[in-house]
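Undergrad: Fold the following, please.
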Amino acid sequence: MSAQVAEQFIEALRALEESRDLEKIVGVYAEDCEVGNIISPEKFHGHNGAREFWTKYRDTFGEVRSEFRNRIITDTRAALEWTTSGTTTNGAPINYDGVSLLEIEGDRITRFRAYFNAGSLGQQIVQDAAAQTA
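TA: Model (predicted):
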């Protein structure tokens, strides 16, 4: 079941990135889930928290697409290695790598964490913003 949930997550993320379909990705989470990443000290809880987290994620980019290289899956967990590329909201290119960890119960994600080089991504976004004001 975990492999199926991981694939549903990947499909839902693609829908979010391509067409801003927020409800598909929220639907893969358990009602009492916890969602977060390395740059957000705040933990997001439940469907409303997942909705807020993924809205903030998608609003960070103009165009965006994540490609998954490796999937390590057990009965209750999945590790997904990815590269995300696209553009900032101003159109400058971005590219960064990371890993997402999913904790799974039944057919839902109960906990999500993403780890990546936040400094590298932040620098790409800041450089674009600086170029826009110059």
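
Undergrad: Flag every buried residue along the lengthiest helix in the chain.
TA: Criterion DSSP state H: the longest helix present in the chain is helix 2-19. The neighbour-count check on helix 2-19 (16 or more other CB atoms under 10 Å) flags 2, 5, 6, 8, 9, 10, 12, 13, 14, 16, 17 as buried. The way it works is simple: take the backbone N, C-alpha and C, and place the C-beta from them, glycine included.

Undergrad: name the helices or strands packed onto that helix?
TA: With contacts taken as 3 or more CB pairs under 8 Å, 6 or more residues apart in numbering; DSSP states H and E, helix 2-19 sits against helix 22-26, helix 46-59, strand 61-73, strand 77-88, strand 93-105, strand 108-116.

Undergrad: now residue 42, nearest residue through space, not along the chain?
TA: Leaving aside its sequence neighbours, residue 42 sits nearest to residue 36 (CB to CB, 6 or more residues apart in numbering; 7.1 Å).

Undergrad: How about residue 76?
TA: Per CB to CB, 6+ apart, closest to residue 76 is residue 104, 5.5 Å.

Undergrad: Hmm, residue 22 and residue 51 touching each other?
TA: Yes. Under the criterion of CB atoms under 8 Å, residue 51 makes contact with residue 22 at 6.1 Å.

Undergrad: just to revisit the earlier point, with distance to residue 64 and pLDDT added, can I get the buried residues of helix 2-19 in a markdown table?
TA: Formatted as a markdown table, these follow (distance: CB to CB, whole Å; pLDDT from 0 to 100):
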| residue | distance to residue 64 | pLDDT |
| --- | --- | --- |
| 2 | 25 | 90 |
| 5 | 22 | 97 |
| 6 | 20 | 97 |
| 8 | 19 | 97 |
| 9 | 16 | 98 |
| 10 | 14 | 98 |
| 12 | 14 | 98 |
| 13 | 10 | 98 |
| 14 | 10 | 98 |
| 16 | 9 | 98 |
| 17 | 5 | 97 |
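
Undergrad: Distance to residue 86 for the residues you listed - can I get that in TSV?
TA: Shown next, in TSV, are the buried residues of helix 2-19 (distance: CB to CB, whole Å):
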residue	distance to residue 86
2	28
5	25
6	22
8	22
9	19
10	16
12	17
13	13
14	12
16	12
17	8
